[in-house]
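1. Okay, sequence plus prediction incoming.
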Amino acid sequence: MIDKIKNEWKDCVARALGTYLGATDFPEPNMGVPPKPEMGDIAFPMFPYARIKGMNPARIAADVKEILSKAEHPAGTLSTAGAYLNVKIDSSSLFSDLVRKIGMEGSSYGCNSSLRGKKVMLEFSCPNTNKPLHLGHMRNDSLGESVAAILKANGAEVMKVNLINNRGVHICKSMLAYKEFSNGETPADTGEKGDHFVGRYYVRFANWSKEYEGRIVALEKEGRNDEAEKLRADSPDARAQRMLKAWEDGDEEVLALWRTMNKWTLDGLEQSYRDMGISFDRYYYESDTYKFGKSEVLKGLEEGVFFREKDGSVQIDLSDIGLDRKVLLRKDGTTIYITQDLGTAIRRHEDWPFDSMIYVVASEQAYHFKVLFHILKKLGYTWADGLHHLSYGMVNLPEGKMKSREGTVVDADDLLAELSALAKEEIVSKGREALVGDVDETSRKIALAALNYYLLQVSPVRDMIFDPKKSISFSGNTGPYLEYMGARISSILKKAEEDGIASASDVDGSLLCNEDEEHLILLLSSYPSLVAEAAAGFDPSVITSFLYDVAKTFSHYYHDNQILKAGSPELVSARLSLCRAVLQVLKNGFALVGIPFLESM
RNA sequence: GAGACCAUAGCUCAGCUGGAUAGAGCAUCAGUUUGCGGAACUGAGGGUCGGAGGUUCGAAUCCUCUUGGUCUCGCCA
């Protein structure tokens, strides 16, 4: 709506310029935003025409303003400031249309159909089945969920998929430690969440292996190399390798343990996903796709896309894209990471022929995806042009990188619990338990708002620093602040209803003429174009900044202006309509960035 | 060594296809409640946009070089 008006203005300015310059061939006017709201809503700089006309740009601005003011143009007022021709849009004339549109469209206000008919597959999360989720996964999951919602809002058909990394030597490590040290205990026995239970054995393995390594090195120092060799052959790492071989050979005992422990972990991860509001439409498992990947590589070998090295490994020459060679099958014929990913991609396109597929994966894997996409193209899959790596930076701590060995990894469940506890404290300290209803559920939703907003407000490409103690506050530019605005507007509307203030069907927009009201109306009008912009760049931070802008403006507005006790019934009615519109847009935006809406908090 | 990405206030981050005096939050300091939720609002101080060139009427933004940081270049995943 706002875009339409802006473009109308742009056309008008272009026509006026045409008349003024007496030409048809000149650069089309640039549209900007004046630095201060009172200067107007659209700015047209006249610099480019100064040279053409050989005149002072400020003079041009004044002359064009003259021409324009006599011509037909949308409602609004013109002014000049130096070389700028500024337009103040008559927002009150927008208001009734805006209110009607938002009222009619409700939760779909802001959606468009630019991606209608497009099938987009979105892969994210992709956990290993040997440990619980950590902060890094949370950024991944937040991004995945948000981008999925944003693409849907643009009309795409979205399939969210998760690829479970449930095979490989790292999985065997937790299994081996369990076999060695558990005495058969189960998560049910210890009361632990399954992923934490298994993760504990993964850590146990690491310590066990380290201890062995120390003994081996000590023996070697003493020159007792035979004994060292013997110890090494029996080391945890060697045994894990043998277990992997047994797993691949189909050893029933190993497979049984694998199934059991995988289930424990996945049950635990499912719980975390539920708590964090993450869901998937389909799961893929590496254990299912790695063999398929191998057969695809062998097919490519026959077709001459790949070649077999003298040592027996299968490789591809990537010199055409300025890279080296890449191994696709080991000399013993076993598969590697990329073999499996090739198989998974092909299988997925067979399952659900997508137009595009987005991998939400950390930037450290940029090389992997470059190679993967290239190979798929070389194999002749035309759909490979629709593959996209949504790369995001790392989440670091103030003291540096998270390191599992140093125990500095921030556990996702712990973090959520900690934030929920803080939120609960806040609710209790304000004595709002009864007003809130389910205190624990509300606390969790506040924690989620804090987390998702914090993780999404940073542009995906950037590394970010996360200070668990300080970074997540509930005041200022935060998720809970946005939720709070939603709750307060809800509260006003509720009170209006209780007081029997009827909502008028036709409101007089011309009553809403203070600066904040005008700003809010323009903001709400611009929301649909931002939904499109967020989709184009796969960037939820477009939405988070918008929401903060709306909340902040509203905050300021209702601090200074009474709504229910405004001067006249007509003004009350108009302001209530504005409140409803703001609330609806906040809710719609919340849904795109994982902020739960709360009527009361 | 080669390549990719990042650098903006004390800290955490915005800044759209180049446009007017570079913006928020936190922290610091000073204020605001006889009113619909104070998880709020207002104000102040705080900047050589890593550095140097270039393009342009105009550069935090584009180009080149350079410094610093991170990541990748495994028959690990």
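-> The structure has been received and is ready for your questions.
2. which residues in chain A form strands?
-> Along chain A, counting by DSSP state E, strands occupy A:42-45, A:76-81, A:84-89, A:119-123, A:157-164, A:282-285, A:307-308, A:314-317, A:325-329, A:356-362, A:387-392, A:395-396, A:464-465.
3. anything in the fourth one near RNA strand B?
-> No: using Cβ under 7 Å from any atom of the strand, no contact is recorded between strand A:119-123 and RNA strand B, whose separation bottoms out at 14.0 Å. Using the backbone N, CA and C atoms, a C-beta is placed for each residue, glycine as well.
4. hey, C-alpha coordinates of that strand in CSV?
-> Provided in CSV are the C-alpha atoms of strand A:119-123 (Å, rounded to 0.1, in the frame of the first residue of the first chain):
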residue,chain,number,x,y,z
LYS,A,119,8.5,-25.8,-3.6
VAL,A,120,11.3,-25.0,-1.2
MET,A,121,13.0,-27.6,0.9
LEU,A,122,14.8,-26.3,4.0
GLU,A,123,17.4,-28.4,5.8
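5. in it, what counts as buried?
-> Buried residues in strand A:119-123, counted by 16 or more other Cβ atoms under 10 Å: A:119, A:120, A:121, A:122, A:123.
6. Reformat those residues as CSV; add distance to residue A:384 and pLDDT.
-> Below are those laid out as CSV (distance: Cβ to Cβ, whole Å; pLDDT from 0 to 100):
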residue, distance to residue A:384, pLDDT
A:119, 15, 97
A:120, 15, 97
A:121, 13, 97
A:122, 17, 97
A:123, 15, 97
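7. and which of those is nearest to residue A:476?
-> If you rank the buried residues of strand A:119-123 by distance to residue A:476 using Cβ to Cβ, residue A:122 comes first, at 31.3 Å.
8. So the closest one versus residue A:189, what's the distance?
-> Distance of residue A:122 to residue A:189, computed by Cβ to Cβ, to the nearest Å: 38 Å.
9. What of residue A:495?
-> Counting by Cβ to Cβ - residue A:495 and residue A:189 are separated by 53 Å.
10. The residue of chain A found nearest RNA strand B - how many residues pack around it?
-> With Cβ to the nearest atom of the strand as the measure, residue A:476 is the residue of chain A nearest to RNA strand B, at 2.1 Å. Neighbour count for residue A:476, taken as other Cβ atoms under 10 Å: 8.
11. Poorly predicted segments of chain A, please.
-> A:1, A:502-505 (pLDDT under 70).
12. Can you give me the domain boundaries for it?
-> A:2-89, A:167-279, A:281-392 (automatic domain parsing).
13. Mean neighbour count and distance to residue A:438 added to the ones you listed, as TSV?
-> Formatted as TSV, the domains of chain A follow (neighbours: other Cβ atoms under 10 Å; distance: least, Cβ to Cβ, whole Å):
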stretch	mean neighbour count	distance to residue A:438
domain A:2-89	16	39
domain A:167-279	17	14
domain A:281-392	17	28
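14. Run through the bridge partners of the closest residue to residue A:366 other than its chain neighbours.
-> Nearest residue to residue A:366, sequence neighbours excluded (Cβ to Cβ, 6 or more residues apart in numbering): residue A:391, at 5.6 Å. Note on residue A:391: beta-bridge partners by DSSP bridges are residue A:361.
15. separation between residue A:391 and residue A:369?
-> Distance from residue A:391 to residue A:369, by Cβ to Cβ: 8 Å.
16. ditto for residue A:199
-> 28 Å.
17. And for residue A:511?
-> 55 Å.
18. Then residue A:178?
-> Distance from residue A:178 to residue A:369, by Cβ to Cβ: 34 Å.
19. Between residue A:391 and residue A:369, which contacts overlap?
-> Counting by Cβ atoms under 8 Å, 6 or more residues apart in numbering, the shared contacts of residue A:391 and residue A:369 are residue A:361.
20. center of chain A, which residue is that?
-> residue A:143 (1.9 Å; Cα atoms, centre = their mean).
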